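Student: fold the following for me, if possible:
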Amino acid sequence: MADLSINMCGIKSPNPFWLASGPPANCGEQVMRAFDIGWGGAVWKTLGTPVVNVSSRLAAVKYSGNAIMGLNNIELITDRPLETNFKEIYEVKKRYPNHAVVVSLMVETKDEWKEIVNRSIDAGADGLELNFGCPHGMCERGMGSSVGQEPKVLTELTSWVMDFSSVPVLVKLTPNVGDILVPGEAAVQGGADGLSLINTIKSIIGIDLDTLSLKPSVGKNSTNGGYCGPAVKPIALHMVAALARDKNINIPISGIGGISTWQDAAEFLALGSTSVQVCTAVMHNGYRIVEDMIDGLSNYLDDMGMKSVNNLIGKAVPGFIDWGDLDLNYKVIAKIDADTCIGCQLCYIACLDGAHQCIHTNQGPCSAYHGKSDHGMNPRVDIKQPILHSHDSNAITSIPFVDEDECIGCNLCHLVCPVPGCLTMKEIPNAAGKESWNDRIAKKTLL
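Tutor: Sure thing, here's the model as predicted:
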């Protein structure tokens, strides 16, 4: 069985699964319950001068049966007394000495940073996470993402904490920037031991069309909030990978953003994360999800012949290259398995209306197109294929077929096909060898 234990810039935990700073890590009772179920670490909900939160605070985007594809919140940092938080941190660390307890912090002045850093360490924190990413409420007060968006300020505040701290310090970055490398390098310049990202994305999640109020509503009003959940995962993966491959960064990363399953976690690890943090999925399904995450990741590592989770960290990073270095001579084309095709024609419609018109059928959803060469504009539609019977004896349907000479391998048909293994993309050998756009430009320059 693979070893799941990690060492995140000096912060050790039995596995890479941490609760992210937020409602699931709001108090000691929650964190202890999470540790009992299997979580390896927790980043305490951000401490600072306690605030007053509003009601209501959450709204969600639903899609294709998923109750929370994306979650928007207008909640701020802890609204509980600091004394209570520090007492609970102490009790948690005393009871769980081998689990990672990281304390998220957000204050304004240098003296406030010094005091809260010292108090967090005295309470037993294994590490600190500087919240430079909150996109609402706190940024209007000169904290959160207002720091994360100003590289010089980020560097200075990080350097303050590094001077005060005797434990590792992570800087949590905001995604609400044009280039994530800018705040990442600023954190490195400030001396940060590690990075965590992404924080939530500034957003308005929707409008109640009955009341014309923004969601979530506070009376008849609302404000922009922070977007998270499965919908933000692709953005988070890109930003983690961009930092992981940058030679000027070279410090550990804790990945955050839409992680719901062991597969999600494995992707973040492969793109350079040492630990992964989860919030929305826990809010949706509870702490129990970590059991499947642990089992799934462990089995995956065993199947891959990896003795430790550390063998997976960063494995996919070398494959992340610039577009100009991609092989222009590499080609795949679509292949349809007529034996498993159900004749739904989703691939045909997608290719006809949304791609490159290289999939055809003799009996499609729009009969006006058939036998008329696509109104004279696409003679390839006249290519004849036998009409096949579907599983329904009362229906006759045409199995779509691919004009391989016209297929450009965009992959859309493969994505919309509902039958596993029916529509595949087959590589076409090319004797010309690899050539990228940058190669072509270099050749022109030499000429």
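
Student: name the residues that touch the host helix or strand of Cys347?
Tutor: Using DSSP states H and E, Cys347 sits within helix 346-354. Applying CB atoms under 8 Å, 6 or more residues apart in numbering, the external contacts of helix 346-354 come out as 334, 336, 357-361, 364-365, 369, 400, 412-413, 416-418, 423. (Glycine included, C-beta is placed from N, CA and C.)

Student: so which elements touch the next helix-or-strand element following that helix?
Tutor: Next in sequence after helix 346-354, counting helices and strands by DSSP H and E, comes strand 359-360. With contacts defined as 3 or more CB pairs under 8 Å, 6 or more residues apart in numbering; DSSP states H and E, the packing partners of strand 359-360 are helix 346-354, strand 401-402.

Student: got JSON lines for these, with distance to Ser165, mean pLDDT and mean neighbour count too?
Tutor: Compiled in JSON lines, the helices and strands packed on strand 359-360 are given as follows (distance: least, CB to CB, whole Å; pLDDT from 0 to 100; neighbours: other CB atoms under 10 Å):
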{"stretch": "helix 346-354", "distance to Ser165": "53", "mean pLDDT": "96", "mean neighbour count": "19"}
{"stretch": "strand 401-402", "distance to Ser165": "60", "mean pLDDT": "95", "mean neighbour count": "20"}
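
Student: pipe the ones you listed into JSON lines and attach distance to Lys233 per row.
Tutor: Compiled in JSON lines, the helices and strands packed on strand 359-360 are given as follows (distance: least, CB to CB, whole Å):
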{"stretch": "helix 346-354", "distance to Lys233": "23"}
{"stretch": "strand 401-402", "distance to Lys233": "31"}
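
Student: among those, which comes closest to Asn250?
Tutor: Closest to Asn250 of these is helix 346-354 (CB to CB; 41.7 Å).

Student: at which residues are the helices of the stretch 101-250 of the chain located?
Tutor: 110-122, 145-148, 151-164, 181-189, 233-244 (DSSP state H, counting those that start in this stretch).

Student: do the stretch 251-400 of the chain as well
Tutor: Under DSSP H, counting those that start in this stretch, the stretch 251-400 of the chain gives helices at 262-270, 280-285, 289-303, 346-354.

Student: which one, of those helices, ends up nearest to Pro318?
Tutor: Here helix 262-270 is closest among the helices of the stretch 251-400 of the chain (CB to CB), at 10.7 Å.

Student: which residues touch that closest one?
Tutor: Residues outside helix 262-270 that contact it (CB under 8 Å, 6+ apart): 16-17, 233, 236-237, 240, 255, 258-259, 276, 292-297, 300, 309, 312-317.

Student: run the chain-centre distance for that helix.
Tutor: 10 Å (CA atoms, centre = their mean, to the nearest Å).

Student: return the set of buried residues in it.
Tutor: For helix 262-270, a neighbour-count test (16 or more other CB atoms under 10 Å) marks 262, 264-270 as buried.

Student: can you list the domains in the chain?
Tutor: The chain breaks down into these domains under automatic domain parsing: 6-319, 323-427.

Student: need the winner for burial among those domains.
Tutor: Among those, domain 6-319 has the highest mean neighbour count (mean count of other CB atoms under 10 Å), at a mean of 20.

Student: how far does it stretch from start to finish?
Tutor: Using CA to CA, to the nearest Å, the end-to-end distance of domain 6-319 comes out at 24 Å.

Student: for the record, mean pLDDT for stretch 407-422?
Tutor: Averaged across stretch 407-422, pLDDT comes to 96.

Student: er, stretch 25-43 actually
Tutor: Stretch 25-43 comes out at a mean pLDDT of 98.

Student: and that stretch, how far out from the chain's middle?
Tutor: So, by CA atoms, centre = their mean, the centroid of stretch 25-43 is 22 Å from its chain's centroid.

Student: for stretch 85-101, same thing?
Tutor: Between the centre of stretch 85-101 and the centre of its chain there are 28 Å (CA atoms, centre = their mean).

Student: how about residues contacting it?
Tutor: Here stretch 85-101 makes contact (CB under 8 Å, 6+ apart) with 8, 11-14, 18, 27-29, 31-32, 35, 39-42, 44, 47, 78, 103, 119-120, 122-127, 275.

Student: from those residues, which land in strands?
Tutor: 8, 11-13, 18, 41-42, 44, 47, 103, 127, 275 (DSSP state E).

Student: could you single out the nearest of these to Leu197?
Tutor: When those are compared for distance to Leu197 (CB to CB), Ser275 wins out at 11.9 Å.

Student: show me the shaky parts of this structure.
Tutor: 135-144, 146, 363-397, 447 (pLDDT under 70).
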